[in-house]
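1. Give me coordinates for this.
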Amino acid sequence: MTKKILLILTLLFAAALLPLCAVDIKMGSLFPEGTEWDRSLRRIAREWKEISNGRVRLKIYPNGIAGSEEDMVRKMRFGQLDSAVLTSIGMNKIVSDSLVLSLPFLVQNEEELDFAIEELTPMFDDDFSEKGFEVLLWSKSGWINFFSSKEIQGPDNLRKTTMSVSPGEQDMIEAFEALDFKVYPLAVNDTLMGLQSGMIDTVYTAPMGAAAYQWFALAPNMNPLKVMPVIGGIVLSERAWKKIPKKYHEELKASIQSVKMDFQKETERLNAEAMNVMRKNGLVELELSEQDEKAWYDLFSGDYWFIVGPDKPVSREVFNEVNSRLEAFRNNQ
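-> Alright, predicted model coming up:
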């Protein structure tokens, strides 16, 4: 009888300890459920469970259930969410200096973007830690182009239009306005209505965005210049990271890193597919003269005074370091 009671008490004690040992990580994502991106995240969830012998359980909240990027960052700060998949919009909300990697025409081609991801993004990891976040992954997600109902060959053409900008991108709003561009803050879900009503006539987005949201139907003129790269990442709150036993940290990070190529290949595939669809449905790929291209690079070259400097999102020190390292890489090619 005594042995039976002891066995029952032992089982009850073990059951009581199990929830305390397990760490539940809630990850927010804007990826639509069922996409390759979403499936990659769910594969990570399975791997984390295996690596930790069930002690780390990753729960994915897709489709923007956890809110916008700004919402997710705020929820992580208050402990309502543990992790999020972010684009540069969300990353900049945590460390504004990281916006430097998304400055127009600073990073100019795929080779420079690969260099930026591998060699320049780590310089911001400590800044994220100081803000209470652990960066698990930096990744690239294509390039931004201008799409408009009017032909936009040069900056002067763009100034004659009204461009949609996300309300959460206040830094970009102020930067565009400083360059005499007209902008109108609109959420993604309101942008099509803005184009239909004539409230706006220009958007800047990756080709897959223009196709997926059907914006190109009303803004079919695409400027071919790659304005800026889309750089994002996966972050975890420092609070949640510390709950996970340190012995698992290295393997969990390696698991996250393994999906980098999956994300990038899927982005390339979707952008290529989007371009094919749009070309069959009225997309106009504008041709630019050397003078047009020079006007763009001249406008967004130099010291980037409109977004870099004292009381600006990007410090002069960070800009100078990133710019000099990019120039050194460029000169060695």
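
2. which residues sit in contact with the spatially most central residue of the chain?
-> In the chain, the residue lying closest to the centroid (Cα atoms, centre = their mean) is Thr87, at 1.1 Å. Applying Cβ atoms under 8 Å, 6 or more residues apart in numbering, we find Thr87 in contact with 69, 141, 230-232. Placement of C-beta: from N, CA and C, glycine included.

3. Could you do Lys253 as well?
-> Shown here is Lys253, whose contacts under the criterion Cβ under 8 Å, 6+ apart are Leu136.

4. which residues of the chain score low on pLDDT?
-> The chain contains residues with pLDDT under 70 at 1-21.

5. got the residue ranges for the strands in the protein?
-> For the chain, the strands defined by DSSP state E cover 23-28, 56-61, 83-86, 133-148, 162-165, 182-185, 202-205, 221-222, 228-237, 284-285.

6. looking at those, which is buried most?
-> strand 83-86 (a mean of 27; mean count of other Cβ atoms under 10 Å).

7. So what are the sheet partners of that one and their directions?
-> strand 23-28 (parallel), strand 228-237 (antiparallel) (DSSP bridges).

8. Could I get these in a markdown table, plus columns for distance to Ala45?
-> Below are those laid out as a markdown table (distance: least, Cβ to Cβ, whole Å):
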| stretch | distance to Ala45 |
| --- | --- |
| strand 23-28 | 8 |
| strand 228-237 | 12 |
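
9. so how far is Glu36 from the closest residue to Gly142 other than its chain neighbours?
-> Using Cβ to Cβ, 6 or more residues apart in numbering and skipping the chain neighbours, the partner closest in space to Gly142 is Ala206 (4.3 Å). According to Cβ to Cβ, to the nearest Å, Ala206 and Glu36 sit 16 Å apart.

10. So if I had to pick from the two, which one is more boxed in?
-> Using other Cβ atoms under 10 Å, the more surrounded residue of Ala206 and Glu36 is Ala206, with 20 against 15.

11. is it true that Ile60 touches Arg42?
-> Yes. When contacts are counted by Cβ atoms under 8 Å, Ile60 is listed as touching Arg42 (6.0 Å).

12. about what we covered before: distance of the residue nearest to Gly142 from Leu120?
-> Counting by Cβ to Cβ, the gap from Ala206 to Leu120 is 21 Å.

13. ok, now which ones touch Phe200?
-> Just to correct that, residue 200 is Ile rather than Phe. Here Ile200 is in contact with 161-164, 184, 186, 191, 194 (criterion: Cβ under 8 Å, 6+ apart).

14. what about stretch 140-156, start to end distance?
-> From its first residue to its last, stretch 140-156 covers 30 Å (Cα to Cα, to the nearest Å).

15. And for stretch 179-186?
-> Start-to-end, stretch 179-186 (Cα to Cα) is 19 Å.

16. Could you give the number of residues near Asn331?
-> Quick note: Asn331 (other Cβ under 10 Å) scores 7 neighbours.

17. can you pull the contacts of it?
-> Taking Cβ under 8 Å, 6+ apart, one finds nothing in contact with Asn331.

18. tell me, how many neighbours does Phe300 end up with?
-> If we define neighbours as other Cβ under 10 Å, then Phe300 has 18 of them.

19. Quick one: the helices in the stretch 51-200 of the chain, in order.
-> With helices called from DSSP state H, counting those that start in this stretch, the stretch 51-200 of the chain shows them at 69-77, 88-94, 110-115, 125-130, 155-159, 170-178, 188-197.

20. Give me the residues contacting the shortest one.
-> Put plainly, it is helix 155-159. So helix 155-159 is in contact with 146, 148, 150-152, 179-182, 202, 295-296, 299, going by Cβ under 8 Å, 6+ apart.
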